[in-house]
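[1] Pasting the sequence and the predicted coordinates here, then a few questions.
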Amino acid sequence: MPFYIIVDGHVTKHTFDYLTQATSRRLDDTLIPGKTPQVKKTLPRDSNTFAIEIMTKDIQSLEQNTPTDEALKIFRSKNLHHLPITKKGILKGLVSDRDVLWLEKFDVTRNASLSKYMSKTVLCCGEETPISDLAKVMVNEHISALPVIDKDAKLVGIVTHHDILRWIYDF
């Protein structure tokens, strides 16, 4: 299943080579005395689990013209870390609590629009993206959330690293 990159509302399919390349190493690296080999771990469940099964469906999203102080209130009251930014249900960006918390620390104007502080380039996945691919991409791309979009590019959920950990723990 492809991943998607959304830039200013424009959706582009994207594939990561590391999801499809098989390693062809015949010999393991020589181990330094006292080091143990790293064993490649597999997920504890079958690979037939998809984003749609573990994603948070009841997601809070905000319009891009929402003031940053309103986002701060939502982050605190609902204990969220990521808020998708939409326009008529179409994903336009993503803002994290870290993106806006510094505004308060440095007393930057809080009436500014979220569109000024949101990430306008957002990596997303489709509903049928396998959980193993989600985990690999999150680790390799150093991200902790992937918005989930349907075939019409409408936001339908979000998968966070917490969702994946909850899935692993609940086996």
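    Cool, the structure landed.

[2] Return the distance of the residue nearest to residue 51 when sequence neighbours are not counted relative to residue 49.
    Nearest residue to residue 51, sequence neighbours excluded (CB to CB, 6 or more residues apart in numbering): residue 129, at 4.6 Å. C-beta here means a position set from N, CA and C on the backbone, and glycine is covered the same way. Distance of residue 129 to residue 49, computed by CB to CB, to the nearest Å: 10 Å.

[3] More neighbours: which of the two?
    For the pair residue 129 and residue 49, the greater number of neighbours falls to residue 129 (23 against 16), based on other CB atoms under 10 Å.

[4] Can you give me the buried ones in the lowest-mean-pLDDT helix or strand in the chain?
    Ranking every helix and strand in the chain by mean pLDDT, DSSP states H and E puts helix 97-105 at the bottom, with a mean of 77. Buried residues in helix 97-105, counted by 16 or more other CB atoms under 10 Å: 97, 99-100, 103.

[5] Tell me which residues are up against that helix.
    68, 71-72, 75, 80-82, 108-110, 112, 114, 117-119 (CB atoms under 8 Å, 6 or more residues apart in numbering).

[6] How far off centre is that helix?
    The chain centre lies 19 Å from the centre of helix 97-105; the measure is CA atoms, centre = their mean, to the nearest Å.

[7] Cool, thanks, signing off.
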